[in-house]
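Novice: sharing a model that was predicted from the sequence below.
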Amino acid sequence: MIFFTLFNLVAFLTSILAHFSDDYNLRAHNTIPNNTVSILQNNPNYTYHGPATLSWTWNTSDFSSLPEEEKWLKQPITWLIYDERGNGTLLHNMTCYYQVSKSAKAGDVYQVEQLLQAPYLKPAGGTDEFDMVQYGNVVCPYGVCVAPNCSNLTIPTYDVVDLISSFTSTTRSSSTHDYYNNVESSG
């Protein structure tokens, strides 16, 4: 009986360690610029003031909770953009998503940097444009201007299709070009 209980305890601890092991996890790192704040929507205690690099980890078992037709596992974020003069004036309240694709593999790491000008996101570290649009990125499809005067301000909304269209065809390999065309035609 004691052997069986000890065996169960070891199996349980092994499963916990496996859950946090890089062999089962995907990571995304995002750098946010100065005068911005990123807030995890399901836990406001995770609030980051730019410039900062944020890291998110998903376990590959998390993909099992997605409907079959859903490609991306998403983490909703509120991204607040303040006046670059540092006067504390809030300009935009954005709804963004850190996301990794079902096509991503355990152990993968995707690094991106959010920008305040188009294309609003660029690959960083060892991540290239193809990896960014196919496997791991940040998108901000919704946003509102909350500044005192919004007439000359562009709300920096973008999604994966916007990112794809911002890349020049001269930098694409043929397989990357085919992927982009498939995404553009299905979006």
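Specialist: Arrived safely.

Novice: in the protein, which spans are helices?
Specialist: 2-20, 129-134, 160-166, 174-186 (DSSP state H).

Novice: mean confidence score for stretch 68-81?
Specialist: Taken as a whole, stretch 68-81 has a mean pLDDT of 92.

Novice: what sits up against that stretch?
Specialist: 32, 35-42, 56, 58, 62-63, 66, 90-103, 114, 116, 138, 140, 143, 156 (C-beta atoms under 8 Å, 6 or more residues apart in numbering). For glycine as for every other residue, the C-beta is placed from the backbone atoms N, C-alpha and C.

Novice: where does the prediction get shaky in this protein?
Specialist: Where the chain drops to pLDDT under 70, the residues are 1-24, 168-187.

Novice: ok, now with 50
Specialist: The model of the chain has pLDDT under 50 over residues 1, 3-22, 169-177, 179-187.

Novice: where do the strands sit along it?
Specialist: Remark: strands assigned in the chain by DSSP state E are 25-32, 36-40, 47-49, 52-59, 72-82, 90-101, 109-114, 121-123, 136-145.

Novice: distance to residue 163 and mean neighbour count for the ones you listed - can I get that in JSON lines?
Specialist: What follows is those, written out as JSON lines (distance: least, C-beta to C-beta, whole Å; neighbours: other C-beta atoms under 10 Å):
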{"stretch": "strand 25-32", "distance to residue 163": "14", "mean neighbour count": "21"}
{"stretch": "strand 36-40", "distance to residue 163": "18", "mean neighbour count": "18"}
{"stretch": "strand 47-49", "distance to residue 163": "22", "mean neighbour count": "14"}
{"stretch": "strand 52-59", "distance to residue 163": "18", "mean neighbour count": "16"}
{"stretch": "strand 72-82", "distance to residue 163": "13", "mean neighbour count": "19"}
{"stretch": "strand 90-101", "distance to residue 163": "12", "mean neighbour count": "21"}
{"stretch": "strand 109-114", "distance to residue 163": "10", "mean neighbour count": "21"}
{"stretch": "strand 121-123", "distance to residue 163": "6", "mean neighbour count": "19"}
{"stretch": "strand 136-145", "distance to residue 163": "7", "mean neighbour count": "20"}
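
Novice: among those, which comes closest to residue 129?
Specialist: Smallest distance to residue 129 across these (C-beta to C-beta): 5.7 Å, for strand 121-123.

Novice: who does the closest one pair up with?
Specialist: strand 109-114 (antiparallel) (DSSP bridges).

Novice: how long is stretch 96-112 from one end to the other?
Specialist: Chord length of stretch 96-112, first to last residue, is 14 Å (C-alpha to C-alpha, to the nearest Å).

Novice: ignore the last one, stretch 99-118
Specialist: 19 Å.

Novice: could you pull out the buried residues of stretch 151-161?
Specialist: 156-158, 160 (16 or more other C-beta atoms under 10 Å).

Novice: closest to residue 107 out of the residues you listed?
Specialist: Closest approach between these and residue 107, by C-beta to C-beta: residue 160, at 22.6 Å.

Novice: done for today, thanks.
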